[in-house]
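>>> Sharing a model that was predicted from the sequence below.
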Amino acid sequence: MGVLAGRRVLVAGAGVTGRSAAEALLAAGAEVVVTDGSAERLMALDTLLSGVELMPGLTEPPAGTDLVVTSPGWKPTAPLLAAAAARGIEVIGEVELAWRMGAELADPPVWLAVTGTNGKTTTVGMLESILHAAGADAVACGNVGLPVVDALLAGRRVLAVELSSFQLFWSPSVRPQAGALLNLAEDHLDWHGGMDRYAQAKAQVLTGDVAIGWLDDDMVADLLEDSPARDQVGFTLGVPAPGQLGVRDGWLVDRAFADDEPLIEVSRIRPTGPPGIADALAATALARAYGVPSEAVREGLAAFSPAAHRAVVVAETGGVTYVNDSKATNPHAALASLRSFPSVVWIAGGLLKGASVEEMVRSEAHRLRGAVLIGADRDVIADALARYAPDVPVRLADGMLEAVRAAADLARPGDAVLLAPAAASMDMFNDYAHRGQVFTEAVQSLS
């Protein structure tokens, strides 16, 4: 890995990816400087790694800096990154670093990448399960939790990579063997500066050998058609045409990597409902692009269980089902979650990050028994409900326990009390997992 040896590299951010990037750079022989606005995070890094220089709160790259590796959440407008760009210093992310380091290996690992507004983690988990069923030395990494450079240094042969729009923005050279774009909806518009730039970042995943996209999403279908990939493969919840994957007579069917092959019954896929089926189709397409046989697809999908806080049934009591979908952190995800139930008492709210809830509320008003709203932007959702669902009772709550009790009061036998916030969690909770855990504890306290 000689290209990095002796180079002075600044790592911006001492979080999980920053620590992993610094470790990988040290292993490659680079001279590593790490900066962060938090002295506490830098001190923690100092106890984990030796040989790095720590410089808190930098707004300019130190003299002699050859490269900046940034944590994905840092915006290009951050003073440090803007200063680097003004001086002609290249800024990349940890994913791009892993790609470049892997390219120097005699036998680089295979990248199978997933992005989209929603469903990324479920899809990459399904893909990992399928690859394991096929006997591949594979691991899910990237935005799912394990940094890609860690998977690379561990010598894993197939990388099932979940990529956020932030990570893709900072990864200009990444060209996966196969990449899938699941869906597109308003999200992180404040970071990217608009929907077009957000979509542009997501489309980076379609620039490898095989581009895979959801044909039922018009924006994704257009980006797939414009992709420079050698092969373009679409998937649909409808009956697939030749060259596509889809659903027919209750089965997932492959007409892209086989003539016309049923793979698995839809009833065996978890999570249930259209979002889970779409994710399974994308994972299948990625695995088939790698050459996985149909038997492994069937075995891997049947063995997969969704991660926590993704449409998990917490309890069933008094004929009411309580569902934790705290991972529905934007309106598009909440829309899919709402459509999984005929009658819902909806717990929603948080930080909308500039996204609109109008269309979601308008289209799903008919299935709402009631709504309980929490968080910073709850009034925005309340206004939409007043316009499009004026007969739906709405209550405001200042905490999750109060919200769950109000929802239980509104619910009737046959209803689902659904936590699908349509918003980020950081106004009230540490993250979506913390929010889901608090919801679960509140439901359990009802009994």
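Perfect, I can see it now. Please read these numbers as outputs of a predicted model, since none were measured by experiment. Numbering: from 1, shown residues only.

>>> In three-state terms, label the residue of the chain most remote from its centre for me.
Within the chain, the residue lying farthest from the chain centre (Cα atoms, centre = their mean) is A63, at 36.3 Å. At A63, secondary structure determined by DSSP: H, G, I helix; E, B strand; the rest coil is coil.

>>> what's it sitting at in phi/psi?
Main-chain torsions, A63, degrees, to the nearest 10: phi -60, psi 140.

>>> quick one: the helices in the stretch 201-350 of the chain?
218-225, 273-289, 294-303, 331-338 (DSSP state H, counting those that start in this stretch).

>>> Any chance of JSON lines for those, columns distance to N324 and mean pLDDT?
Backbone N, C-alpha and C define where each C-beta goes, glycine included. Output for the helices of the stretch 201-350 of the chain, formatted as JSON lines (distance: least, Cβ to Cβ, whole Å; pLDDT from 0 to 100):
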{"stretch": "helix 218-225", "distance to N324": "28", "mean pLDDT": "98"}
{"stretch": "helix 273-289", "distance to N324": "15", "mean pLDDT": "95"}
{"stretch": "helix 294-303", "distance to N324": "22", "mean pLDDT": "98"}
{"stretch": "helix 331-338", "distance to N324": "10", "mean pLDDT": "90"}
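
>>> Next, format those as a markdown table and append mean neighbour count and distance to A140.
Shown next, in a markdown table, are the helices of the stretch 201-350 of the chain (neighbours: other Cβ atoms under 10 Å; distance: least, Cβ to Cβ, whole Å):
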| stretch | mean neighbour count | distance to A140 |
| --- | --- | --- |
| helix 218-225 | 17 | 22 |
| helix 273-289 | 26 | 11 |
| helix 294-303 | 19 | 12 |
| helix 331-338 | 25 | 19 |
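
>>> Include distance to P242 when you put these into a markdown table, please.
Below are those laid out as a markdown table (distance: least, Cβ to Cβ, whole Å):
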| stretch | distance to P242 |
| --- | --- |
| helix 218-225 | 16 |
| helix 273-289 | 14 |
| helix 294-303 | 17 |
| helix 331-338 | 28 |
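
>>> Looking at those helices, which is nearest to E265?
Comparing those by their distance to E265 (Cβ to Cβ), the top pick is helix 294-303, with 9.1 Å.

>>> Summarise which helices and strands the closest one is packed against.
Where contact means 3 or more Cβ pairs under 8 Å, 6 or more residues apart in numbering; DSSP states H and E, helix 294-303 is packed against helix 120-133, strand 261-265, helix 273-289.

>>> Nearest to M55 among those would be which one?
With Cβ to Cβ as the criterion, M55 lies closest to helix 120-133 of the helices and strands packed on helix 294-303, at 33.5 Å.

>>> and that closest one, average pLDDT?
What helix 120-133 shows for mean pLDDT is 97.

>>> between that helix and helix 294-303, what angle do the directions make?
Here helix 120-133 points in a direction 130 degrees away from that of helix 294-303 (axes from the mean of the first three to the mean of the last three Cα atoms, to 10 degrees).
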